[in-house]
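J.: For reference, the sequence and a predicted model appear below.
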Amino acid sequence: MPLHPQVEGLLTNMAASGLKKIQDMTPEESRATFTPVFASLPPSQQKIAKTEDRSVPTPAGAVKTRIYTPEGKGPFPAMTYFHGGGFVFGNLDTHDGVCRELCGAVGMVVVSVDYRLSPEHKYPDATDDCVAVTRWVAENAGSLDADPARLAVGGDSAGGNLAAVVSQRLRDEKGPKLAAQLLIYPVARADGHKTQSMIDNAEGYFLETASMSYFIGHYLRSPADAQLPGVSPIFAKDFSNLPPALVLTCEFDPLRDEGEDYGKKMQAAGVPVTISRYDGAIHGTWNFFGVLDLGRAMHNEAARWLKEALRG
């Protein structure tokens, strides 16, 4: 299918703004460029009870989080959410709208994780932060008005990678048991393999194949790390007994095929997985739910699926 007209207009505006390609920026430039862009998107219209910024103690030091609590009477289901940004940029503010939307639409506590970024902190620092905060949420569910038996993880792009990795690690490292995983166009492999979507969407659709090489180069300690399941969850030896998953992908996204391939591997291992592709959409559509109809549709599907997966 062709690009959705709204998406085409967004790309035209980006091009007219003179925005440099991601791979042509330093990490500092990417943060200075994209943090205000994402933070300035139209806010979520969901009504929630409160937010609280809190530092969570972990073995590697305190990790900043933002906790979103829905209206109503708990205990609520809960999700630890990991933002996108190629492991290089992104923070609590860039994904504030996304987390508010999930909190209000699903009626769940959302704990957004400000994990350590590369290249200052390479693999496995981000994954360790995300595992530690997820365990903290399970252990402190009572004080969060959350139900530890209905705990999910979620994330977009690099955050989708982290959600998949956390799901595998918690399965293998004695819990806590997760009830669901929301994987939005996840980075499923970092070995440079050129899927068809990497070839077809190599240039011109915001995230480019060269952008991914840039991100992975900053994230890994060495190229050999790309073969580790903690970096490339698609290389896990076992895909069974993982939490039910919703995998959302976009047609004009280099990451489309690897996300769908990861979902299919889980399906083949008996995990309940829904794979949903959004034709006409590009990488980043999830964040633009306030201006793109396809982004709104992605959120609507995620909310419906999570309500069912996390019902008491």
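T.: Done, it's in.

J.: Double-check that residue 194 belongs to a strand.
T.: No: assessed with DSSP: H, G, I helix; E, B strand; the rest coil, residue 194 is coil; it does not lie in a strand.

J.: List the residues that contact the residue nearest to it when sequence neighbours are not counted.
T.: Leaving aside its sequence neighbours, residue 194 sits nearest to residue 209 (Cβ to Cβ, 6 or more residues apart in numbering; 7.5 Å). Where C-beta positions appear, they are placed from N, C-alpha and C, glycine not excepted. By Cβ atoms under 8 Å, 6 or more residues apart in numbering, the contact list for residue 209 reads 194, 198, 199, 201, 202, 203, 254.

J.: Next, the buried residues of the top helix by length along the chain.
T.: Taking DSSP state H as the criterion, the chain has its longest helix at helix 293-309. Residues 293, 294, 295, 297, 298, 299, 302, 303, 305, 306, 309 are the ones in helix 293-309 that count as buried (16 or more other Cβ atoms under 10 Å).

J.: which one of these sits closest to residue 100?
T.: Distances from residue 100 to the buried residues of helix 293-309, taken as Cβ to Cβ, are shortest for residue 299 (11.0 Å).

J.: pull the CA atoms of the longest helix of the chain into PDB?
T.: Only the C-alpha atoms of helix 293-309 are listed here, as PDB (Å, rounded to 0.1, in the frame of the first residue of the first chain):
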ATOM      1  CA  ASP A 293      -4.800   8.400  12.700                       C
ATOM      2  CA  LEU A 294      -2.700   5.300  12.300                       C
ATOM      3  CA  GLY A 295      -0.900   6.100  15.600                       C
ATOM      4  CA  ARG A 296      -4.300   6.400  17.300                       C
ATOM      5  CA  ALA A 297      -5.300   3.100  15.800                       C
ATOM      6  CA  MET A 298      -2.200   1.400  17.200                       C
ATOM      7  CA  HIS A 299      -3.000   2.800  20.700                       C
ATOM      8  CA  ASN A 300      -6.600   1.700  20.500                       C
ATOM      9  CA  GLU A 301      -5.600  -1.900  19.600                       C
ATOM     10  CA  ALA A 302      -3.000  -2.000  22.300                       C
ATOM     11  CA  ALA A 303      -5.500  -0.800  24.900                       C
ATOM     12  CA  ARG A 304      -8.100  -3.400  23.800                       C
ATOM     13  CA  TRP A 305      -5.500  -6.200  23.900                       C
ATOM     14  CA  LEU A 306      -4.000  -5.200  27.300                       C
ATOM     15  CA  LYS A 307      -7.500  -4.900  28.900                       C
ATOM     16  CA  GLU A 308      -8.200  -8.500  27.900                       C
ATOM     17  CA  ALA A 309      -4.700  -9.800  28.700                       C
END
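
J.: elements contacting that helix?
T.: helix 5-16, helix 96-106, strand 180-184, strand 245-252, strand 273-282 (3 or more Cβ pairs under 8 Å, 6 or more residues apart in numbering; DSSP states H and E).

J.: Go again with 7 Å.
T.: Contacts defined by 3 or more Cβ pairs under 7 Å, 6 or more residues apart in numbering; DSSP states H and E place helix 293-309 against helix 96-106, strand 180-184, strand 245-252, strand 273-282.

J.: how about those, which one is nearest residue 130?
T.: Here strand 180-184 is closest among the helices and strands packed on helix 293-309 (Cβ to Cβ), at 12.1 Å.
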